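> Okay, predicted coordinates and the sequence, questions at the end:
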Amino acid sequence: MLPMPESLILRLGERTLRIVPFAEREEQIMHLLAEGVTDGERRLSGDGGRAQEIFDLCKNAGFLETAPSDTGLTDADLARYDRTLHYFSEFETANGPSRYERLRKLLSTRVVVVGSGGMASWLLYGLACCGVGELVVVDPDVVEASNLNRSILFDEADIGRPKVEAAEERLRRFAPRCRVRPVQATVTDAGSIAELVADADLIVGAADQPVWLIRQWLAEACRTAGRPLLHPSGLRVGPFYLPGQSACPMCEWAEQAEARPGFPSVVERLRRLPRGTSGSLAPWASVTASVATMEVLRYLGRLGPPITVNALWEWRPDSTSAIRPLMPHPKCPVCSGEGRAGYGRGDS
């Protein structure tokens, strides 16, 4: 709703309706319609038929609907995800899924998140907040004091506890109907994560160690299982990998190695240096996690193609963001560019 000096503009998706004039009586009528009351003339006697006129305008323009008798959702879910359902309503079409179908699907999904550190903590809260039904959290580490400058899953009382244990406790308290499965384990190769990947709807690689190898192992596991993978890190999100259809995380490796032949040796030396020497802030973690969470929601909620399919979202030093194309690379050590003829960013 967009109130103007003498009118009200209603927008829903591509639909627009303007109500003129719009004054106190019309405000009362809109409140009644929002409450599900359609006999406005009886409730607002003496309005000269204005209530019925507005009712007809809204109905004919598609801004009113009959509440379904059975949504397949509990009253608790309808209450908690009320605003989510309103958001999903903007994507409804005559032949597409309803807002309730989208939410039911989301509530039945399983997402594996590898890593539960700074950025991952915001991501996990975001996914639980949006309605992901099950979160499998994989991390071998314990909470350290240095985590607390950017992580919202932990507090000082958690120092020394396994991260996945503390994460499970916080997430269950925040979203009791979200199933949380903690897995305290280290990803050492593609095989070590294969079982968890196989029955997931989506995998998010939110770990950064060992540098580049963790990307390769997750991409290999997801390619074998045919499962989608999103890899956010630092101030970057992507690519959103659809096996056989789009670029995988290691296509960027191939791109970098082709442009700079010394790149692989630099990465190898980087792995031997001490960890934890780079700076990080909560705002950076939250921004990256928010973009990644929306990518997950777009895919699982069937809202449209993720923006990071065959692309990278990047945050620039001047506090602006940009999308950089990343196409499947024929020299990629994981996918060999097999997605070049597949899914494009503009496909649905």
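Looks like it came in fine.
> where does the nearest residue to L153 once chain neighbours are set aside fall, helix, sheet strand or coil?
Nearest residue to L153 in three dimensions, chain neighbours excluded: S121, at 3.8 Å (C-beta to C-beta, 6 or more residues apart in numbering). Using the backbone N, CA and C atoms, a C-beta is placed for each residue, glycine as well. Counting by DSSP: H, G, I helix; E, B strand; the rest coil, the backbone at S121 sits in helix.
> same thing with the one 3 residues further on?
Under three-state DSSP, the three-state class of L124 is helix.
> That one: how many residues sit nearby?
30 (other C-beta atoms under 10 Å).
> That one contacts V111, correct?
No - contact criterion C-beta atoms under 8 Å: L124 and V111 do not qualify, at 9.2 Å.
> overlap in contacts of the two?
Residues touching both L124 and V111 (C-beta atoms under 8 Å, 6 or more residues apart in numbering): L135.
> hmm, back to that, now do the residue nearest to L153 against V197, distance only.
Applying C-beta to C-beta, to the nearest Å, the value for S121 to V197 is 22 Å.
> same deal with G262?
32 Å.
> Those two: which has the busier surroundings?
V197 (23 against 8).
> That one: which element?
helix 190-198 (DSSP states H and E).
> That helix: what's the following helix or strand?
That would be, after helix 190-198 and using DSSP H and E, strand 202-205.
> Got the confidence number for the closest residue to G226 other than its chain neighbours?
Excluding the flanking residues, the one nearest G226 by C-beta to C-beta, 6+ apart is P243, at 5.2 Å. Looking at P243, its pLDDT stands at 97.
> where are the low-confidence patches of the stretch 1-150 of the chain?
Within the stretch 1-150 of the chain, the ranges that satisfy pLDDT under 70 run 37-48.
> Do a quick rundown of the helices in it.
Under the criterion DSSP state H, counting those that start in this stretch, the stretch 1-150 of the chain contains helices at 24-34, 40-43, 50-60, 75-80, 82-89, 99-107, 118-130.
> The residue nearest to L153 reaches A285, doesn't it?
Yes - here S121 reaches A285: they are 7.4 Å apart, a contact under C-beta under 8 Å.
> now Q245, what's its secondary structure?
Under three-state DSSP, Q245 comes out as coil.
> List of residues touching whatever helix or strand R215 lives in?
Using DSSP H and E, R215 maps to helix 213-225. For helix 213-225, contacts defined as C-beta under 8 Å, 6+ apart pick out 114, 187-194, 197-198, 203, 205, 207-208, 227-229, 231, 241, 243-244, 248-250, 253, 271, 333-335.
> Go ahead and name everything in contact with the helix or strand following it.
Later in the chain than helix 213-225, the nearest helix or strand by DSSP H and E is strand 229-233. Strand 229-233 has contacts (C-beta under 8 Å, 6+ apart) with 119, 123, 202-206, 208, 215, 218-219, 222, 237-241, 248-249, 288-289, 291-292, 295-296, 306, 308.
> So the residue nearest to L153 versus C129, what's the distance?
Taken as C-beta to C-beta, the span from S121 to C129 is 13 Å.
> More neighbours: those two, which one.
S121 (27 against 16).
> Tell me the secondary structure at the residue lying closest to Y299 once chain neighbours are set aside.
Distance criterion C-beta to C-beta, 6+ apart; nearest residue to Y299, sequence neighbours excluded, is P306 at 5.4 Å. Classification of P306 using three-state DSSP returns coil.
> show me what contacts P306?
Here P306 is in contact with L230, F240, E295, R298, Y299 (C-beta under 8 Å, 6+ apart).
> Between all of the residues you listed, which two are separated the most?
L230 and R298 (10.5 Å; C-beta to C-beta).
> Comparing the two, which residue is more hemmed in?
L230 (28 against 16).
> confidence score at that one?
98.
> For the residue lying closest to L2 once chain neighbours are set aside, name its beta-bridge partners.
Leaving aside its chain neighbours, L2 sits nearest to I9 (4.3 Å; criterion: C-beta to C-beta, 6+ apart). Taking DSSP bridges as the rule, I9 bridges to L2, R18.
> and the gap between I9 and M1?
7 Å.
> Who has more neighbours out of those two?
Per other C-beta under 10 Å, whichever of I9 and M1 has more neighbours is I9, with 14 against 9.
> List the residues that contact the more buried one.
If you count contacts by C-beta under 8 Å, 6+ apart, then I9 has M1, L2, P3, T16, L17, R18, I19 around it.
> The helix holding R215 vs helix 190-198, what angle?
Here helix 213-225 points in a direction 50 degrees away from that of helix 190-198 (axes from the mean of the first three to the mean of the last three C-alpha atoms, to 10 degrees).
> from the middle of its chain, how far away would helix 213-225 be?
Remark: helix 213-225 is offset 20 Å from the chain centroid, using C-alpha atoms, centre = their mean, to the nearest Å.
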